[in-house]
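Chemist: Predicted model follows, preceded by the sequence.
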Amino acid sequence: MGPLLNALVKLQSVENNLRAAKAKLARCRRTVILKENQLRTLQNALEAKKEEIQLTKIQADRLELELKSIEQTLAKYRAALNLAKSNKEYAAILSELNTTKADSSKTESQAIELMKIIDLDNAQCDGIKAQIEQEKTELNEIRKQTEEQAKKFEAEIAEIEQQWQAAAKDAPPEAVDTFKRVAETYDGEAIAEIEVHDERSGVYTCGGCFMSLTTETANTLLSHDEIIRCPSCTRILYLKDAEN
Ligand SMILES: [Zn+2]
């Protein structure tokens, strides 16, 4: 390998380190985001529960009003009962009174049911609130930890970026541009080693995409220090120097 390809191989190794350091930083930040999402889910659940309680309370209030009006009707019937002028009239009013009483106890038990539901929902709200408090404490702890870690990773990244700039100086700018473009396409993997399967019969493949390469490609790289790209994946190809 000549100086150009040597420089690009070195740049690739720094690029790999840089990507790894950036991935570590992203992972460390992701733990905070995940925790924040968990907290938000709980907060949404709490809001939903509160709304549910509100709706049940409206229903309960309506039943309460209904009960009051039933009470009034019952009082009316009781008064009428005393003023009944015949047995027939008395029996008719009594029958109405009993029907209304049955309605009343039905409505009453519905109201009791709703109060039970509200109590249960309130208990659930308290449970969610406790979970939220715990999540908040954990989130603060994780934030503190990741902030420290992130600072370390950021320093590491800055250092590797300097190494990258230094390594890039060893190759012409156009070559570095090509390297950067291919690196963006392949998640940092800009160059690929040519794999030699059988030198005599000339079986070569691209180490990036595993497609066959012509003997000519391999031979050109043996004699020229230039950028030759895989015709299939466009990665910059290089041949490792034969071991002496
Ligand atoms: Zn390829």
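Modeler: Looks like it arrived, so ask away. Everything numeric in this text was worked out from a predicted model, so none of it was measured.
Chemist: which other helices and strands contact the helix ranked longest in the chain?
Modeler: The residue-count maximum for a helix in the chain (DSSP state H) belongs to helix 87-168. When contacts are defined as 3 or more CB pairs under 8 Å, 6 or more residues apart in numbering; DSSP states H and E, helix 87-168 sits against helix 3-82. For glycine as for every other residue, the C-beta is placed from the backbone atoms N, C-alpha and C.
Chemist: now the helix it packs on, how far from the centre of its chain.
Modeler: Distance of helix 3-82 from its chain centroid, counting by CA atoms, centre = their mean, to the nearest Å, is 13 Å.
Chemist: swap in stretch 132-146?
Modeler: 17 Å.
Chemist: Say whether the ion is contacted by the one helix or strand in the chain whose mean pLDDT sits lowest.
Modeler: Lowest on mean pLDDT, DSSP states H and E among the helices and strands of the chain sits helix 215-223, with a mean of 90. No - Helix 215-223 is not in contact with the ion by CB under 5 Å from the ion; minimum separation 10.5 Å.
Chemist: residues in contact with the next helix or strand after that helix?
Modeler: Remark: after helix 215-223, the chain's next helix or strand is strand 236-238, criterion DSSP states H and E. Residues from elsewhere that reach strand 236-238 (CB atoms under 8 Å, 6 or more residues apart in numbering): 1, 5, 8-9, 178-179, 182, 190-194, 206, 213, 217, 221, 227-230.
Chemist: what helices or strands is the host helix or strand of residue 195 leaning on?
Modeler: Using DSSP H and E, residue 195 falls within strand 191-198. On a contact count with 3+ CB pairs under 8 Å, 6+ apart, strand 191-198 meets helix 3-82, strand 203-206, helix 215-223, strand 236-238.
Chemist: Going by neighbour count, list what's buried in the second one.
Modeler: Buried residues in strand 203-206, counted by 16 or more other CB atoms under 10 Å: 204-206.
Chemist: tell me which parts of this structure are close to the ion?
Modeler: When proximity is defined as CB under 5 Å from the ion, the chain approaches the ion at 206, 208-209, 230, 232-233.
Chemist: Quick check, central residue of this structure?
Modeler: In the chain, the residue lying closest to the centroid (CA atoms, centre = their mean) is residue 34, at 6.1 Å.
Chemist: Flag the shaky bits of the protein, pLDDT-wise.
Modeler: 242-244 (pLDDT under 70).
Chemist: how's it carved up into domains?
Modeler: Annotated domains of the chain cover 3-168, 174-238 [automatic domain parsing].
Chemist: So which of the helices and strands packed on strand 191-198 is the most surrounded?
Modeler: Between the helices and strands packed on strand 191-198, strand 236-238 has the highest mean count of neighbours, a mean of 24, where neighbours are mean count of other CB atoms under 10 Å.
Chemist: Was I right to think residue 97 contacts residue 77?
Modeler: Yes - counting by CB atoms under 8 Å, residue 77 is a contact partner of residue 97 at 4.1 Å.
Chemist: hmm, back to that, right, and the helix or strand after the longest helix of the chain?
Modeler: Using DSSP H and E, the helix or strand that follows helix 87-168 in sequence is helix 173-185.
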